[in-house]
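K.L.:
requesting a structural model of the entry that follows:
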Amino acid sequence: MTGHTALPYSGNAEHLRDELRWLEGLVRRELLQTRAAADGKEALRGMYISANEVNRLLSDAEDSPAAAELEETADAIRAEIEARKAASTGIRLTLPHLSETFGLMPFEEQALLAALAPELDGRFGTIYAYLQNDMGRRRPGADLIQRILCRSSEERMASLAVFSHEGALFRVRLLRAVEKSDEPARYWPILVDEPILAVLMGRTSLLPEMAAVLQVLAPEHELGALRWLPEIREQLLGLTIHFLTTAMDSGRRLILHFYGPSGSGKRALAAALAKELGIPLLRLDLREAAARFENFETGIRMLFRQALLHQSALFLENFDVLTGDDEKRFVQRKALRRVIDEFAWLVFVGTESAWTPAGYFAPHWYTAFEVGAPGMMERRALWDSLSTAHPVRFEPDVIWRDIATKFRVTPGQMKAALDSASGLARLHNPEDSAISSADLHRGLYAQSNQKLSTLGRKLKPRYGWNDIILPANAMAQLRELCAQMRHRETVYAEWGFDRKLSLGKGLCALFSGQSGVGKTMAVEVIANDLCLEVFKIDLSHVVSKYIGETEKNLSRVFEEAESSNAILFFDEADALFGKRSEVKDAHDRYANIEINYLLQRMEEFEGLVILATNLRKNIDDGFFRRMQFVVDFPFPDAAHRYRIWQHHFPAEAPSAEIDFGFLAEHFILAGGNIKNVVVNAAFLAAQNGRVIRMEHLVHATRREYEKIGRLCTENDFAPYNLKPVSGGIH
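P.N.:
As a prediction, this is how the structure comes out:
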């Protein structure tokens, strides 16, 4: 085509056909040389594949051109190919693309073509077998590739490094050799690695073994539509553009580390940035990769290579699995770093917690950005946006302001909660599946982290405001506590108090009083009123005799509570929140460390913590400064006991002639004890009479007195004196 403008290739297939035409000329030359070297031993070779069969495959006659003519023809074809490649701008030719991506030299690209040929044209497999004197060898070894491509012994010696493990073809596993222990390595069959073969043949989909770990990350939103401030989005975009235009050719990589809770938008931010830049993005799940690949480095090398082939940036999800201090994680981190150095160019790293790489990514460009959970105002805006786009309508009792205030959830959790609530709504009424407040609350709790159940017991709130009987001041404090939880958005977000407080934005309350006066009931009332779950922390699972373990357990408690949107309830709190003491020995010092840690952690916690104690004087003074409410639960007086006695009788329970005034005046019991008396009296009545009467209540009261060790005489029960009878009342 000398003197004429070269025509561009119409596509990848046309280019590969020309490449095979060029290779065929070199194969013909090698056939001539092989026949000449046979020196009359063609009969032996014919036991495998005859020369006539080879001639037929090549549509050739016995009078083949001389080797020099074949080389001259091959050179002309090569020149034509190079000219057409240069003219094919904007057309994806897979072999040149692969060569450019991995920096292959011309001979390396030709060796790759020689290994690829049997996959594209079965004739080459048969000819290779003939040339290697073995009908089973339909893949070329390094020796045969050198014989085909090299024109002199000097060229063959110079090409030896191409077939070593350090050479680009084998280092990045474009080619792989099938080892045969009984033969020299130069004769081992060489194959194109399957993912590379797929790319060369124009297939763009990921192989099944990759799809479980590597997925295309499609953007859901434009960068400008995301919740972060415009200046933050512009800074991230500007940094990325600056790197791509000025520093990418320096051998450095750009590592953008996004950290924040699950569902906070790390993937969305990375995908939006990639879309803004016109770059495809693949998500690599490192947790899945660490579990799936027996050889971690080999596995991720294959995945990174695939991303590079598709010119994709990578989002490394669940990088947290590699941040541990154990030897295995250290080795995996080192392996990942080697792969990043070799294959990456733009990498997004996603972790849930902040992680300091301490030079791990040097000398690459590294920037960390906290993708925190949205604040109250952001949550309100997100709920408005999501609910508007959601196809299901909402009942009037769904108040987004309250939902945004109570539930500290991420955008991902919001979407999942709406989907879960939709399913619940359809379950209740398939024809009119409007989402109610109860459905949405259940959907939100389904997304919350429920690991708290391993550290405490989830209470099932059964009581409301009408069930608890307390003095007016205590009741007012409880209602004020609930009001503070409801109006956090107004005070902190709308009125700007959030900017004035770095810590102490949570709510902490202390309930003090004797056993049975209603502290736990009050917690249930608050949980019911606020529609929040409550976990009663089991101190036996938290307090440890081993140094440092208690702090670790407490850290888990608060971390899980933050992600669970739950109320933390510490009963018998004086056991954990006791006074700091003068340091006389190591035990005192470590006990004080535990209390100091608790003080710090409570101040950082932004949820609701309720402590209950029978011994207020034993609580360390440092906790009182951090308490927004200290509610005293006094022992009930006669008037309150009268109401408590009445309240404990269900409307369905059969009763007659109950003297509540007598019970309240004569029996000085707390609400918990009164509940025990009423229940025990009901069982006595069920045994004889089927109606609850005074004699049952008096008898049950006597038993309660005996249980708590209080002395009583017959006069205490006058005029309802009853002597205890074996087997119960008759």
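
K.L.:
can we go C-alpha only for contacts and neighbour counts from here?
P.N.:
Fine.

K.L.:
so where's the stretch 301-450 of the chain uncertain?
P.N.:
449-450 (pLDDT under 70).

K.L.:
likewise for the stretch 501-650 of the chain?
P.N.:
Applying pLDDT under 70 to the stretch 501-650 of the chain flags residues 502-504, 540-541, 544-548, 575-594, 622.

K.L.:
where do the strands sit along it?
P.N.:
507-512, 534-537, 567-570, 608-613, 629-632 (DSSP state E, counting those that start in this stretch).

K.L.:
likewise the chain?
P.N.:
175-177, 190-192, 214-216, 254-259, 281-285, 313-317, 346-351, 365-370, 456-459, 507-512, 534-537, 567-570, 608-613, 629-632 (DSSP state E).

K.L.:
turn those into a markdown table, including mean neighbour count.
P.N.:
Below are the strands of the chain laid out as a markdown table (neighbours: other CA atoms under 10 Å):
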| stretch | mean neighbour count |
| --- | --- |
| strand 175-177 | 21 |
| strand 190-192 | 23 |
| strand 214-216 | 20 |
| strand 254-259 | 23 |
| strand 281-285 | 24 |
| strand 313-317 | 25 |
| strand 346-351 | 24 |
| strand 365-370 | 16 |
| strand 456-459 | 17 |
| strand 507-512 | 23 |
| strand 534-537 | 23 |
| strand 567-570 | 24 |
| strand 608-613 | 22 |
| strand 629-632 | 18 |
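
K.L.:
format these as a markdown table; extra columns: distance to Ala291.
P.N.:
Below are these laid out as a markdown table (distance: least, CA to CA, whole Å):
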| stretch | distance to Ala291 |
| --- | --- |
| strand 175-177 | 25 |
| strand 190-192 | 27 |
| strand 214-216 | 14 |
| strand 254-259 | 22 |
| strand 281-285 | 10 |
| strand 313-317 | 14 |
| strand 346-351 | 17 |
| strand 365-370 | 26 |
| strand 456-459 | 30 |
| strand 507-512 | 41 |
| strand 534-537 | 33 |
| strand 567-570 | 34 |
| strand 608-613 | 37 |
| strand 629-632 | 48 |
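
K.L.:
the ones you listed: which one's closest to Glu100?
P.N.:
Closest to Glu100 of these, according to CA to CA: strand 175-177, at 16.0 Å.

K.L.:
so for Ile435, which of the strands of the chain sits nearest?
P.N.:
Per CA to CA, nearest to Ile435 of the strands of the chain: strand 534-537, 23.7 Å.

K.L.:
contacts for that closest one next, please.
P.N.:
452-453, 455-460, 524, 527, 566-571 (CA atoms under 8 Å, 6 or more residues apart in numbering).

K.L.:
and which of those residues is nearest to Gln235?
P.N.:
Using CA to CA, the contacts of strand 534-537 come closest to Gln235 at Ala566, 36.0 Å.

K.L.:
which of the contacts of strand 534-537 lies closest to Ala76?
P.N.:
Distances from Ala76 to the contacts of strand 534-537, taken as CA to CA, are shortest for Leu452 (74.4 Å).

K.L.:
now that closest one: closest residue in space, sequence neighbours ignored.
P.N.:
Distances taken as CA to CA, 6 or more residues apart in numbering place Glu560 nearest to Leu452, at 5.9 Å, with adjacent residues excluded.

K.L.:
quick check: that neighbour touching Leu455?
P.N.:
No. Between Glu560 and Leu455 there is no contact under CA atoms under 8 Å: 9.5 Å.

K.L.:
leaving out chain neighbours, which residue sits closest to Thr89?
P.N.:
Counting by CA to CA, 6+ apart, the residue nearest Thr89 is Pro8, at 7.8 Å.

K.L.:
tally of neighbours for the one you found?
P.N.:
17 (other CA atoms under 10 Å).

K.L.:
going forward can the numbers begin at 671, since that is how I track them
P.N.:
With the count now opening at 671, the last piece we talked about shows up as Pro678.

K.L.:
now for it: which residues touch it?
P.N.:
Counting by CA under 8 Å, 6+ apart, Pro678 has contacts 754-759.

K.L.:
per-residue pLDDT, it?
P.N.:
Per-residue confidence (pLDDT) for Pro678: 93.
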